[in-house]
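Colleague: coords please:
(2 chains)
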Number of protein chains: 2
Amino acid sequence: MQLLQQKILELSTVPKEGILKVDNFLNHIIDPQLIIEIGKELALRFKDSKIDKVLTLEASGIAPALGVALALNIPLLFAKKSLPTTMTDGYHTQIHSFTKNKDYDIFVSKEYIKKDENILIVDDFLAMGHAVLGMKNIIAMGDANCVGVGIVIEKSFQSGRQILLEQGIHLESLVRLKNVSPPHTIEFIIE
Amino acid sequence: MQLLQQKILELSTVPKEGILKVDNFLNHIIDPQLIIEIGKELALRFKDSKIDKVLTLEASGIAPALGVALALNIPLLFAKKSLPTTMTDGYHTQIHSFTKNKDYDIFVSKEYIKKDENILIVDDFLAMGHAVLGMKNIIAMGDANCVGVGIVIEKSFQSGRQILLEQGIHLESLVRLKNVSPPHTIEFIIE
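Modeller: Prediction:
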């Protein structure tokens, strides 16, 4: 997705090896028009799939996933990182965050994963794939189907892509990063 | 906002006195078309204000605030509830959550609050007003202006509204709840 590559080249920073900081248009500041374009493009990549619902993880997944839900005109469900006081019957699973170097649980109300429903996972970043695998795990707990995974920025130099492909998952990433090094070397994989 | 009142009457539940559970269209499942309508309506309520940026708090504020940012075609900034590893220079302030009965800090990068900028705060719920006051505090730290507060659902039986009005804040709430009691008594304030 050329618009996104351009935004990354113009606006991102690289604070250290392998870390791309995109918080001036995606992760802290959000550019709403970019979200619409991201949503349209990911929807297009899954146009041959029947999708009932989009699933993401709070907080930075919400905006791009909402873009996809808007483009497909279907509901968005976001997994929570802490147990809401009003959630009485939920699925949960543990995820390891390599960025934050800690484990955390994610929670989804059982009533929002319906048997045989077709669910598309959307997230802002794919690195080691643990967040996606956690969401896939929750979809499986509800006997629903994971029809694919849509990612805004894939760190192709980490193992997430390989792990998801080995599981037979339909993976679409709008931008694939081959290499990210300070001060501002950003190489894309162009397919 | 009639569409929202209708959604609340049809889809919400009231697990206990004063608690309205709207997680099947706003707080866990998100209805993307409703977000667009919420965004348009809040944008309309502030049409006489010059607004440079929308500010909200992760996670459940992001969707409605993105709706407003889309309608106004301006950036959205969301405050974080934990310090990101890549944030080196941020404003932070403490907020008390009555729902969760705990204090937490919120963080915003200093570079994203510019001097004299006009910022609209948007949040999903207004109860005691602490989240809004925390965001207003952060806007003040950056010498920017809080032009108003746009709320999706106001619990008018709690003190947030009164506190914000006493501070001279332009407050707009799409729905005002007079009373919420189990099993499903929901009274609105119609203005």
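Colleague: List, one by one, the residues from chain A near chain B.
Modeller: A:15, A:19, A:21, A:23-24, A:27-33, A:35-36, A:58-59, A:62-63, A:66, A:69-70, A:73-78, A:80-81, A:84-87, A:99-100, A:108-109, A:111-112 (CB under 8 Å from any CB of the partner chain). For glycine as for every other residue, the C-beta is placed from the backbone atoms N, C-alpha and C.
Colleague: mind listing what's buried in stretch A:96-112?
Modeller: Going by neighbour count (16 or more other CB atoms under 10 Å in any protein chain shown), the buried part of stretch A:96-112 is A:106-109, A:112.
Colleague: CSV please, covering the residues you listed and showing pLDDT.
Modeller: Output for the buried residues of stretch A:96-112, formatted as CSV (pLDDT from 0 to 100):
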residue, pLDDT
A:106, 96
A:107, 97
A:108, 98
A:109, 97
A:112, 97
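Colleague: Can you add secondary structure and give these back as a markdown table?
Modeller: Conversion of the buried residues of stretch A:96-112 to a markdown table gives the following (DSSP: H, G, I helix; E, B strand; the rest coil):
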| residue | secondary structure |
| --- | --- |
| A:106 | strand |
| A:107 | strand |
| A:108 | strand |
| A:109 | strand |
| A:112 | helix |
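Colleague: which one of these is nearest residue A:183?
Modeller: Lowest distance from residue A:183 to the buried residues of stretch A:96-112 (CB to CB) belongs to residue A:106, with 34.8 Å.
Colleague: I'd say that closest one and residue A:56 touch.
Modeller: No: in this structure, residue A:106 is not within contact of residue A:56 by CB atoms under 8 Å, at 10.6 Å.
Colleague: quick one: common contacting residues for the two?
Modeller: A:79, A:135 (CB atoms under 8 Å, 6 or more residues apart in numbering or on different chains).
Colleague: Show me where chain A has its helices.
Modeller: A:2-11, A:32-45, A:62-72, A:130-141, A:160-166 (DSSP state H).
Colleague: and among those helices, the most buried is which?
Modeller: helix A:62-72 (a mean of 27; mean count of other CB atoms under 10 Å in any protein chain shown).
Colleague: contact partners of that helix?
Modeller: So helix A:62-72 is contacted by A:26, A:30, A:35-40, A:42-43, A:51, A:54-56, A:75-76, A:78, A:120, A:122-124, A:150, A:152, B:30, B:32-33, B:35-36, B:59, B:62-63, B:66, B:76 (CB under 8 Å, 6+ apart).
Colleague: Please apply the same query to stretch A:26-39.
Modeller: Taking CB under 8 Å, 6+ apart as the rule, stretch A:26-39 contacts A:1, A:3-4, A:7, A:21, A:23, A:25, A:60, A:63-64, A:66-71, A:124, A:152-153, A:174, B:62, B:66, B:69-70, B:73-78, B:80, B:84, B:87, B:108-109, B:112.
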